[in-house]
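Student: Make a model of this:
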Amino acid sequence: MDQLAPPFDPKDFRRALGMFATGVTIVTACSEDGTQVGVTANSFNSVSLEPPMVLWSLANNARSLPVFIATKHWNVHILSNEQEALSNRFARSGEDKFAGLPLDKSVSNAPLLTGCSARFQCRTAFQYEGGDHTIFVGEVVQYDSSTLPPLLYVTGGYALAARKAGPVSTEAQANIEGALYSENLLGYLFGRAHFQFVHGLRGTLQQRKLSDTDFFVLSLLSVRQPLATEEIAAHIAYTGVDLASGALQSMVQRGLLLEQPGTPTFLRLSPAGSDAILHVLAAAKAVEADLVNRMGELESAALRNLLKQAILATDPGLPKLWQAPDTSDTA
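Tutor: This is a model prediction of the structure:
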């Protein structure tokens with residue numbers, strides 16, 4: 001006689017299942033009395049192409065289950081990477097989830113959300129008991145999709161999708177595991193990506209007779225001004241630029257910055273400085289647009305996310321650039 005396997009630890013079982021990356025969806029429906037319901041679900045899956053069918057499942061203790069069981073129509077929305085807040089909204093209970101949300105016209109009375117990576121309008125084909133969940137299989141009667149990168153969920157948190165990159169170099173030596181220096185070294189990848197990106201701005205910088213230091217300072221003051229010389233130095237400390245060598249005074253003398261009388265000395269952009277940084281930033285946006293076009297929206301969104309993580313992980317405690325200064329009375 002076969003011995004029964006020991007019962008699973010529910011938390012560990014959930015953790016193991018979480019290793020499988022899924023998309024994030026919101027499934028919506030409408031009851032006969034007009035009550036709109038919607039839930040966040042990552043149990044969505046395709047079933048068949050001929051006929052077009054999909055499935056998803058809902059916990060048997062969900063308040064909205066009776067509506068989904070009774071209705072003949074429901075819509076599945078594959079969320080885009082910008083819809084994390086919407087996912088959290090529909091994962092909670094006890095609020096009007098549709099308040100203030102724009103809706104598109106649907107083939108049924110089920111709500112049709114906007115801004116998604118893809119949407120499937122479905123008619124119930126089958127319902128099955130699945131342990132503590134009910135499985136819904138639906139025939140797709142209409143669908144649409146966009147180029148927006150999808151939102152993913154893996155190991156208990158949201159994630160972004162990105163295709164694996166090929167090697168930067170074709171030489172086998174560039175990827176020898178354990179080599180002292182290879183193209184998999186993060187420092188090499190950060191550095192090369194940075195200098196190749198900035199290469200696209202060099203023409204504009206040279207045309208405007210701007211050094212890298214000028215670019216750093218003008219960019220900083222385009223976000224926040226005026227700033228004291230000590231604040232400017234603190235903000236761009238990560239660049240290795242030594243402002244004590246007279247770089248700021250040189251920019252004042254060349255008409256790029258204006259001094260604000262007082263102690264300490266505050267600096268702001270002059271009209272010439274504002275004009276110069278506008279042209280450089282326009283060139284930077286053109287380089288970025290070309291990069292996004294070459295990489296695609298999916299990889300670009302993932303790149304921004306990973307760069308933010310790298311910055312947070314290596315931040316030595318630099319001042320926050322977009323954080324408003326504390327003007328509270330500390331006396």
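
Student: for the record, mean pLDDT for the helix or strand where residue 307 lies?
Tutor: In this structure, residue 307 sits in helix 297-314 according to DSSP states H and E. In this model, helix 297-314 carries a mean pLDDT of 87.

Student: And for stretch 63-79?
Tutor: Per-residue scores along stretch 63-79 average to 96.

Student: buried residues in that stretch?
Tutor: Applying a neighbour-count criterion of 16 or more other CB atoms under 10 Å, one finds 64-65, 67-68, 71, 73-79 buried in stretch 63-79. Glycine gets a C-beta too; all of them are placed from N, C-alpha and C.

Student: Now do the same contact list for residue 90.
Tutor: Counting by CB atoms under 8 Å, 6 or more residues apart in numbering, residue 90 touches 26, 38-40, 97.

Student: before we move on, which element is it in?
Tutor: helix 84-91.

Student: can you pull the buried residues of that helix?
Tutor: Counting neighbours by 16+ other CB under 10 Å, one finds that the buried residues in helix 84-91 are 86-87, 89-90.

Student: Just checking, which helix or strand succeeds that helix along the chain?
Tutor: On the C-terminal side of helix 84-91, the nearest following helix or strand under DSSP H and E is strand 103-104.

Student: contact partners of that next one?
Tutor: Residues outside strand 103-104 that contact it (CB under 8 Å, 6+ apart) are 111-114.

Student: let's go with 10 Å and repeat that
Tutor: Strand 103-104 is contacted by residues 28, 36, 75, 110-116, 119, 144 when judged by CB atoms under 10 Å, 6 or more residues apart in numbering.

Student: Out of those, list just those in strands.
Tutor: In this view, the contacts of strand 103-104 that belong to strands under DSSP state E are 28, 36, 75, 112-113, 119, 144.

Student: So which of those is the closest to residue 268?
Tutor: Of all the ones in strands among the contacts of strand 103-104, residue 113 has the smallest distance to residue 268: 44.5 Å, by CB to CB.

Student: what's the closest non-adjacent residue to the closest one?
Tutor: residue 77 (4.9 Å; CB to CB, 6 or more residues apart in numbering).

Student: can you tell me which residues contact that neighbour?
Tutor: 24-28, 38, 40, 44, 83, 86-87, 90, 111-121.

Student: do residue 196 as well
Tutor: Contacts of residue 196 by CB under 10 Å, 6+ apart are 287, 291.

Student: angle of the helix or strand containing residue 77 against helix 84-91?
Tutor: Using DSSP H and E, the element containing residue 77 is strand 73-78. Calculated by axes from the mean of the first three to the mean of the last three CA atoms, to 10 degrees, strand 73-78 forms an angle of 140 degrees with helix 84-91.
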